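Quick one, fold the following:
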Amino acid sequence: MPFGGGNKCGACQKTVYFAEEVQCDGRSFHKSCFLCMVCRKNLDSTTVAVHENEVYCKSCYGKKYGPKGYGYGGGAGTLSMDKGESLGIKHDEQGEHRPTNNPNPSKFAQKFGGSDSCPRCGKAVYAAEKIIGAGNAWHKSCFRCAKCGKGLESTTLADKDGEIYCKGCYAKNFGPKGFGYGQGAGALAHAQ
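Numbering: from 1, shown residues only. Alright, predicted model coming up:
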């Protein structure tokens, strides 16, 4: 503690006495000076975030230094056109977007960045929506019987020529035919 009664405040540089002292990141502040650098809200040990000797509330810190892009909005269902100019963020003008046609055949891309394609719709199948059946990856919404459209599970499917069917449709269309195999006079008919 320097001569004169106390440490110097990290914000106003005046002497901080013990009764009014708040410590953060090895520095002392007056309780009234311990404010967010952007929104000027009072801070405490649970709401403070420090960046290069500057103190912020967690909300302003996240907006200024946190991740940017889709999925990092201000809350559920919010859409904001704020680009952060009020936080001192400067944006470079971007040129026009040019998509790439490079299918990157590297092992890394195949393992981590690539995806399987659904045999039913032909679109990419990502891990969150993937169901494995008949040796292929399917979308949950495409994992249905090719004949009747019934939703399938890995235990209730039968496959033929790369297409999947429920057990009933498979038996009806590809199973044995004749008396005693569900096609005769005593069999129950499945009406669609």
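
Share the number of residues neighbouring the closest residue to residue 159 other than its chain neighbours, please.
Using Cβ to Cβ, 6 or more residues apart in numbering and skipping residues adjacent in sequence, the residue nearest residue 159 is residue 134, 3.6 Å away. All C-beta atoms are positioned from the backbone trio N, CA, C, and that covers glycine. When neighbours are defined as other Cβ atoms under 10 Å, residue 134 has 17 of them.

And for residue 137?
Neighbours of residue 137 (other Cβ under 10 Å): 20.

element containing it?
strand 136-139 (DSSP states H and E).

Which pLDDT does the model give residue 14?
With respect to pLDDT, residue 14 has a value of 90.

Now it: closest residue in space, sequence neighbours ignored.
Closest residue to residue 14 apart from its sequence neighbours, by Cβ to Cβ, 6+ apart: residue 8 at 6.9 Å.

Helix or strand next in line after the lowest-mean-pLDDT helix or strand in the chain, which one?
When the helices and strands of the chain are scored by mean pLDDT, DSSP states H and E, helix 107-108 comes last with a mean of 47. Using DSSP H and E, the helix or strand that follows helix 107-108 in sequence is strand 116-117.

related to what we said a few turns ago, residue 167 versus the residue nearest to residue 159, what's the distance?
13 Å (Cβ to Cβ, to the nearest Å).

which residues are in contact with both of those two?
residue 157 (Cβ atoms under 8 Å, 6 or more residues apart in numbering).

OK, contacts around residue 10?
Residue 10 is in contact with 24, 27-29, 33, 53, 55, counting by Cβ under 8 Å, 6+ apart.

thinking again about what came up before, is it true that the residue nearest to residue 159 touches residue 161?
No: Residue 134 lies out of contact with residue 161 (Cβ atoms under 8 Å); the separation is 10.1 Å.

quick one: secondary structure of residue 171?
helix (DSSP: H, G, I helix; E, B strand; the rest coil).

Equivalent analysis for residue 62, please.
Using three-state DSSP, the structure places residue 62 in helix.

try the one 5 residues further on
Reducing the assignment to helix, strand or coil with three-state DSSP, the entry for residue 67 is coil.

what separates it from residue 28, distance-wise?
Residue 67 is 32 Å from residue 28, where distance means Cβ to Cβ.

So for those two, which sits in the more crowded spot?
Neighbours per residue, other Cβ under 10 Å: of residue 67 and residue 28, the larger number sits with residue 28, 22 against 7.

Check what pLDDT the residue nearest to residue 159 gets.
At residue 134, the model reports a pLDDT of 80.

residues contacting it?
Here residue 134 is in contact with 157, 159, 162, 164 (Cβ under 8 Å, 6+ apart).

one more time with 7 Å
157, 159, 164 (Cβ atoms under 7 Å, 6 or more residues apart in numbering).

burial count for residue 171?
16.

ugh, wrong one, I meant residue 8
Residue 8: 15 surrounding residues under other Cβ under 10 Å.

Many thanks, have a good one.
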